[in-house]
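Novice: Sequence and predicted structure, then a few things I'm wondering about:
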Amino acid sequence: NNTIFCGSGDSLAAAMLAEVFSGIRVKALDPLDLIKNKTLIHDKTVCIVSISGKTI
């Protein structure tokens, strides 16, 4: 995988959907995974995913 999508909560869920349906080589990871193992991002493109909004 050449690209990593990183997010937590709903952002991680969105990243996981992108991993399955994007058609590109991407891996969804929790930020803690990246902090604990910095070698995961070596020679990778990292995209930080953030979703916000209001629920009515």
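Specialist: Structure received.
Novice: Which secondary structure elements does the longest helix seen in the chain sit against?
Specialist: In the chain, taking DSSP state H as the definition, the longest helix is helix 10-21. On a contact count with 3 or more CB pairs under 8 Å, 6 or more residues apart in numbering; DSSP states H and E, helix 10-21 meets strand 3-6, strand 26-29. For the C-beta atoms, the positions are set from N, CA and C on the backbone; glycine is no exception.
Novice: Turn those strands into TSV, columns for mean neighbour count.
Specialist: Output for the helices and strands packed on helix 10-21, formatted as TSV (neighbours: other CB atoms under 10 Å):
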stretch	mean neighbour count
strand 3-6	20
strand 26-29	20
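Novice: looking at those, which is closest to A13?
Specialist: Proximity to A13, assessed across those by CB to CB, is greatest for strand 26-29 (8.7 Å).
Novice: in terms of contact, does D10 touch I51 like I think?
Specialist: Yes - with contact defined as CB atoms under 8 Å, D10 counts as touching I51 (4.9 Å).
Novice: could the helices and strands packed on helix 10-21 be laid out in a markdown table, adding distance to I41 and mean pLDDT?
Specialist: Shown next, in a markdown table, are the helices and strands packed on helix 10-21 (distance: least, CB to CB, whole Å; pLDDT from 0 to 100):
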| stretch | distance to I41 | mean pLDDT |
| --- | --- | --- |
| strand 3-6 | 6 | 93 |
| strand 26-29 | 9 | 94 |
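Novice: Mind putting these into a markdown table with distance to T39?
Specialist: Listed next are the helices and strands packed on helix 10-21 as a markdown table, based on distance: least, CB to CB, whole Å:
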| stretch | distance to T39 |
| --- | --- |
| strand 3-6 | 12 |
| strand 26-29 | 12 |
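Novice: how about these, which one is nearest C47?
Specialist: Across the helices and strands packed on helix 10-21, C47 has its closest neighbour in strand 3-6 (5.1 Å, CB to CB).
Novice: Which neighbouring elements make contact with that closest one?
Specialist: Short answer (3+ CB pairs under 8 Å, 6+ apart): strand 3-6 packs on helix 10-21, strand 26-29, helix 31-36, strand 45-48.
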